[in-house]
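Enquirer: dropping the sequence and predicted coords here.
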Amino acid sequence: GKARRISIDDFRHVPLDEVSSTNTEALARARAGDSGFLWITAERQTGGRGRRGREWVSERGNLYSSLLLVDFAPTEELSSLPLAVALAVHETIVSVMPPGSATVDIKWPNDVLIDRRKTSGILLEAERLQDGRMALVIGIGINIRARPDLAQYPVTSLADQGVSISPQELFARLYVAMADALSVWDRGRGIAEIVARWRRVACGIGEKITVNLPDRSISGIFSGIDDKGLLLLDSAAGTLSIAAGDVFFG
Ligand code: BTN
């Protein structure tokens, strides 16, 4: 594919106070003709959205941001984008944690965990615009303030870990880490480099997991990810490659 040059100078930041969802706001701007590399942040969301139609409770004090990319890279090169985004969020969180205080790793495909508790969430949404351009929105939420556990997962926050930082300061770090993560597409190494980096910080390889798919759950040993970033599960039915699902350990 065509190399897409990206540098931090391409990003434009639009800080907002309150929106329904930064993802919705970024998609609306794409429909209105925005050409991308736009970062929307908000202090608070009234209709924050999580994966699988879940709500993402969005009080003040946490990080809520969405990056809009338009016609960024060919679709076949984008399968590793969730992993690249998770690496940037991982690097951001590691950079503010006291060294050696806790284990910060990534639960497939893109939840950053601190001592196995969910600390961030990523919601990627794509939309073909009327003029044929492809809009991609990368929504990132990071827990800074103490938050209650979710129904599905134990949760933590930077405050719970003794880290005191403002959403603005954390965003400044995320901004730099994302420019770095996205620039792998410039260097033409794309997926291979991302998969290699992701494997080094993966949580639970070699352990028994259960993967919830839309229609069923399968258990087995999490044996790693393949060269495209798919999850490999050694199950009673053989080794399965899984493109999307919720992972539970044990
Ligand atoms: C998940 O379910 O883990 C994904 C959560 C994604 C939350 C972020 S917060 C900023 C952006 N705007 C939203 O409405 N959702 C994402």
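Expert: Sure thing, it's come through.

Enquirer: when you work out contacts or count neighbours from here on, use the C-alpha atoms and nothing else.
Expert: OK.

Enquirer: which elements pack onto the lowest-mean-pLDDT helix or strand in the chain?
Expert: Using mean pLDDT, DSSP states H and E, the weakest-scoring helix or strand in the chain turns out to be helix 190-200, at a mean of 88. Under the contact criterion of 3 or more C-alpha pairs under 8 Å, 6 or more residues apart in numbering; DSSP states H and E, helix 190-200 touches helix 81-96, strand 217-225.

Enquirer: make it 7 Å
Expert: Here helix 190-200 touches helix 81-96, going by 3 or more C-alpha pairs under 7 Å, 6 or more residues apart in numbering; DSSP states H and E.

Enquirer: give me the angle between the helix it packs on and helix 190-200.
Expert: 50 degrees (axes from the mean of the first three to the mean of the last three C-alpha atoms, to 10 degrees).

Enquirer: helix 81-96 vs the ligand: in contact?
Expert: No - using C-alpha under 6 Å from any ligand atom, helix 81-96 stays clear of the ligand, with a minimum separation of 11.2 Å.

Enquirer: tell me the first helix or strand C-terminal of that helix.
Expert: Downstream of helix 81-96, the next assigned helix or strand under DSSP states H and E is strand 104-107.

Enquirer: if we can go back for a sec, which parts of the least confident helix or strand of the chain are buried?
Expert: For helix 190-200, the neighbour count (16 or more other C-alpha atoms under 10 Å) marks 190, 191, 193, 194, 195, 198, 199 as buried.

Enquirer: contact partners for the fifth one?
Expert: Remark: with contacts taken as C-alpha atoms under 7 Å, 6 or more residues apart in numbering, residue 195 is in contact with 227, 229.

Enquirer: stretch 159-173 near the ligand at all?
Expert: No - judged by C-alpha under 6 Å from any ligand atom, stretch 159-173 and the ligand are separated, with a smallest distance of 11.8 Å.

Enquirer: now what about that stretch, what contacts it?
Expert: Contacts of stretch 159-173 (C-alpha under 7 Å, 6+ apart): 61, 62, 63, 92, 97, 144, 145, 146, 158.

Enquirer: on the three-state scheme, the residue lying closest to the second one once chain neighbours are set aside is what?
Expert: With sequence-adjacent residues excluded and distances taken as C-alpha to C-alpha, 6 or more residues apart in numbering, residue 62 is closest to residue 144, at 4.9 Å. What DSSP: H, G, I helix; E, B strand; the rest coil gives for residue 144 is coil.

Enquirer: thinking again about what came up before, so in that sheet, which strands flank the next helix or strand after the least confident helix or strand of the chain, and in what orientation?
Expert: Moving toward the C-terminus from helix 190-200, the next helix or strand (DSSP H and E) is strand 208-212. Strand 208-212 pairs in its sheet with strand 217-225 (antiparallel), strand 246-249 (antiparallel), by DSSP bridges.

Enquirer: quick check: which of the ones you listed is buried the most?
Expert: strand 217-225 (a mean of 19; mean count of other C-alpha atoms under 10 Å).

Enquirer: who's in contact with the residue most central in space within the chain?
Expert: The chain has residue 122 as the residue nearest its centroid, 3.5 Å off, counting by C-alpha atoms, centre = their mean. Counting by C-alpha under 7 Å, 6+ apart, residue 122 touches 110, 139, 140, 141.

Enquirer: can you sort out which of these also neighbour the ligand?
Expert: Checking the contacts of residue 122 against the ligand (C-alpha under 6 Å from any ligand atom), the matches are 139, 140, 141.

Enquirer: which residue packs closest to the second one, ignoring adjacent ones?
Expert: To tie it back to what came earlier, the one meant is residue 140. Nearest non-adjacent residue to residue 140 (C-alpha to C-alpha, 6+ apart): residue 122, at 4.7 Å.
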